[in-house]
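1. just need the structure, nothing else, for what follows:
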Amino acid sequence: MSATISNSAPHNVTAEKSVLGAVLLDEQHLHALLVDVQLRPDHFYVREHADVFQAMCELYEADQKIDHLTVAEQLRRNNRLDEIGGPGMVEELVAWVPATGHAREYGRIVHEQAQMRALLDATREIQAGVIGRAASPRELVEQAERAMLEVAHDERQKAIRPISEVLDEETDRLHHRSNQKSPLTGTPSGFNDLDNITGGFQAGNLIVLAARPSMGKSALVCNIAENAALAGFPVALYSLEMSESELAQRFVASQAKVPGEDLRRGRVAESRWPKILEASGRLSDAPLYVDDSSDTGVLEIRAKSRRLHHQLESRGGLGLIIIDYLQLMRHEGRVESRVEQVGQVSRGLKSLARELGVPVIALSQLSRNVEQRAGDKKPILSDLRESGAIEQDADLVMFIYREEYYNRESTRPGEADIIIAKHRNGPVGEITLTFQSQYPKFMNYAPPQFAP
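-> Okay, here's the model as predicted:
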């Protein structure tokens, strides 16, 4: 064998040979190694062993027999047979197997040794970053935490993939959705008309919800958070504006349908408390997590979300992340331009959505241009404050518009338009919700003749 083995990195050559030999003796072991152990060619320390396992995987994908002859032939087609030492090297592997029935255990040893090497590499990278002062301490801590989690979940070697693999997975997913006969493909908002347009908030998407002050944007995301959590989707809500106490009051008022002002001032009749306690108990059982840190940035939110996402792995991870609101987040570095600062934050939130595969809703302010326009004051994309980067990064942009806010004589009291101004993967348009300002709470729209 041509490889020179270094003793500096964790490895177990005997386990690697035993895995390969066991598959050569009984090809049925390969399925368990790929599915249960999730063994990959790059987990093998010896290059020649990785080549042999790669050849086995290719034969498995092509639904062909696997033995020392077919593997040697596949290696020849890959121009690797001579490099590994010829057909004799493949035949020799069979002699290394202590017991073929233990193939899965041998595979786990190989996988664990690969994980140890990845951990060693990650610590070296962290050490080099610290010694070289490659970034600020906060950024280095975030990078170190991400590296450790990637090692723990074996994500450091995400290889470039052929489109055939991606298409196979995606068509299976789409077929499953078709069989479900459900319009929802993402995390539900709890509002029927909105979910019909979006199909729910999609994994990996950045959703921007913007409105002028007092339009109810914080109320709407609180309603979305409680709706999603009560439907079983874990939600992380980062509120840079409201305290935990204020959030709790809003959730209870919304669920118990008790005016928020009465709850805050202690003017709730004793007869209403059973309903409040019932609502509180219902919310307590929901997977809803809140953070009211006022001085926070993308790095902290990414670190906290990443930890929570992996803690909730048994439930499928987080279903939704909400930030209230984008312009209050701390930027990193010495960026002077406010537009660049907001752009840095929006790009960071988009990266978070992609990294965790979770929809992220970020609230945003609108500029005063809305108020200064004569006539129609419905928001448009150019009204987004520091709009360039936000509009570019967002997959979905929604605005809240309430006519009665600008016109006290409006014929549409208690109605709110949700304007979908950008939708990267679907239609744009408007829907109407009912807004009950006393709670405050948004609800599915009921025309006046059907309203209670």
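2. all helices of the stretch 301-450 of the chain, in order?
-> 338-356, 369-372, 387-393, 403-406 (DSSP state H, counting those that start in this stretch).
3. including distance to Ala256, could the ones you listed go into TSV?
-> Placement of C-beta: from N, CA and C, glycine included. What follows is those, written out as TSV (distance: least, CB to CB, whole Å):
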stretch	distance to Ala256
helix 338-356	32
helix 369-372	34
helix 387-393	35
helix 403-406	25
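4. adding distance to Ala416, mean neighbour count and mean pLDDT, write those out as a markdown table.
-> Compiled in a markdown table, the helices of the stretch 301-450 of the chain are given as follows (distance: least, CB to CB, whole Å; neighbours: other CB atoms under 10 Å; pLDDT from 0 to 100):
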| stretch | distance to Ala416 | mean neighbour count | mean pLDDT |
| --- | --- | --- | --- |
| helix 338-356 | 25 | 19 | 83 |
| helix 369-372 | 15 | 13 | 75 |
| helix 387-393 | 21 | 18 | 76 |
| helix 403-406 | 9 | 16 | 82 |
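5. show me the domain layout of this protein.
-> When the chain is parsed with automatic domain parsing, its domains come out as 1-149, 187-450.
6. chain center to the first one: distance?
-> Same thing as domain 1-149. Put simply, domain 1-149 sits 29 Å off its chain's centre (CA atoms, centre = their mean, to the nearest Å).
7. again with stretch 433-440
-> The gap between where stretch 433-440 is centred and where its chain is centred comes out at 30 Å by CA atoms, centre = their mean.
8. export it as PDB, just CAs?
-> The C-alpha trace of stretch 433-440 is given here as PDB (Å, rounded to 0.1, in the frame of the first residue of the first chain):
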ATOM      1  CA  LEU A 433     -57.300  40.600   8.400                       C
ATOM      2  CA  THR A 434     -59.500  41.800  11.300                       C
ATOM      3  CA  PHE A 435     -57.600  44.000  13.800                       C
ATOM      4  CA  GLN A 436     -58.900  44.100  17.400                       C
ATOM      5  CA  SER A 437     -56.900  47.000  18.800                       C
ATOM      6  CA  GLN A 438     -58.000  46.500  22.500                       C
ATOM      7  CA  TYR A 439     -56.000  43.300  22.900                       C
ATOM      8  CA  PRO A 440     -54.200  44.000  20.400                       C
END
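9. and the contacts of it?
-> By CB atoms under 8 Å, 6 or more residues apart in numbering, the residues outside stretch 433-440 that reach it are 191, 193-194, 216, 219, 250, 253-254, 257-261, 402, 414-416, 418, 441-446, 451.
10. go ahead and build a PyMOL selection from the buried members of those.
-> Here is the PyMOL command that selects the buried residues among those (16 or more other CB atoms under 10 Å):
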select buried, resi 191+193+194+216+219+250+253+254+258+259+260+402+414+415+416+418+441+442+443+445
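11. distance of the nearest residue to Thr434 once chain neighbours are set aside relative to Arg408?
-> Counting by CB to CB, 6 or more residues apart in numbering, Met443 is the residue found nearest to Thr434 once chain neighbours are left out, at 4.5 Å. To Arg408, Met443 is 22 Å away according to CB to CB, to the nearest Å.
12. again, but for Leu349
-> Separation of Leu349 from Arg408 (CB to CB) stands at 37 Å.
13. same question, Ala229
-> The spacing between Ala229 and Arg408, counted by CB to CB, is 35 Å.
14. and what of Pro359?
-> For Pro359, the distance to Arg408 equals 36 Å [CB to CB].
15. these two: who's more crowded?
-> Each of Pro359 and Arg408 has its neighbours counted (other CB atoms under 10 Å); Pro359 has more, 26 against 7.
16. and the more buried one, what's its pLDDT?
-> Per-residue pLDDT puts Pro359 at 94.
17. Leu230 now?
-> For Leu230, the pLDDT comes out at 89.
18. need the per-residue pLDDT for the closest residue to it other than its chain neighbours.
-> Counting by CB to CB, 6+ apart, the nearest residue to Leu230 once its immediate chain neighbours are dropped is Ala286, at 5.1 Å. pLDDT, Ala286: 87.
19. thought Ala286 was touching Glu226?
-> Yes: under the criterion of CB atoms under 8 Å, Ala286 makes contact with Glu226 at 7.1 Å.
20. more crowded one of the two?
-> Counted by other CB under 10 Å, Ala286 and Glu226 do not tie: Glu226 has more neighbours, with 24 against 20.
21. how close does the more buried one sit to Leu240?
-> Plainly put, Glu226 is 19 Å away from Leu240 if you go by CB to CB.
22. which residue comes closest to Thr70 once chain neighbours are left out?
-> Counting by CB to CB, 6+ apart, the residue nearest Thr70 is Leu59, at 5.8 Å.
23. got the contact list for the helix or strand hosting that neighbour?
-> Assigned by DSSP states H and E, Leu59 belongs to helix 47-61. Contact partners of helix 47-61, identified using CB under 8 Å, 6+ apart, comprise 1-3, 13, 16-17, 19-20, 23, 27, 30-31, 34, 39, 41-42, 44, 65-66, 70-71, 74-75, 78, 80, 83-85, 89-90, 93.
24. selecting buried members of those in PyMOL, what would you type?
-> To isolate in PyMOL the members of these that are buried, counting by 16+ other CB under 10 Å, one can use:
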select buried, resi 13+16+17+19+20+23+27+30+34+39+41+44+66+70+71+74+75+80+84+89+90+93
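25. narrow the contacts of helix 47-61 to those in helices?
-> 13, 16-17, 19-20, 23, 30-31, 34, 70-71, 74-75, 83-84, 89-90, 93 (DSSP state H).
26. in this structure Leu308 contacts Leu318, no?
-> Yes: using CB under 8 Å, Leu308 is in contact with Leu318, at 6.2 Å.
27. the two: which is more packed in?
-> Neighbour totals were compared for Leu308 and Leu318, and Leu318 leads with 26 against 18 (other CB under 10 Å).
28. so what's that one up against?
-> 234-236, 305, 308-309, 312, 356, 358.
29. just Gly200 next, same as before
-> Gly200 makes contact with 184-189, according to CB under 8 Å, 6+ apart.
30. what does stretch 271-288 contact?
-> Identification of contacts with stretch 271-288 by CB under 8 Å, 6+ apart yields 225-226, 229-230, 232-235, 237, 251-252, 255-258, 263, 268, 312, 315.
31. need the buried ones from those residues selected in PyMOL.
-> The PyMOL command for the buried members of the contacts of stretch 271-288 (criterion: 16+ other CB under 10 Å) is given here:
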select buried, resi 225+226+229+230+233+234+235+237+251+252+255+256+258+263+268+312
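32. can you tell me which of the contacts of stretch 271-288 are in helices?
-> 225-226, 229-230, 251-252, 255-256, 263.
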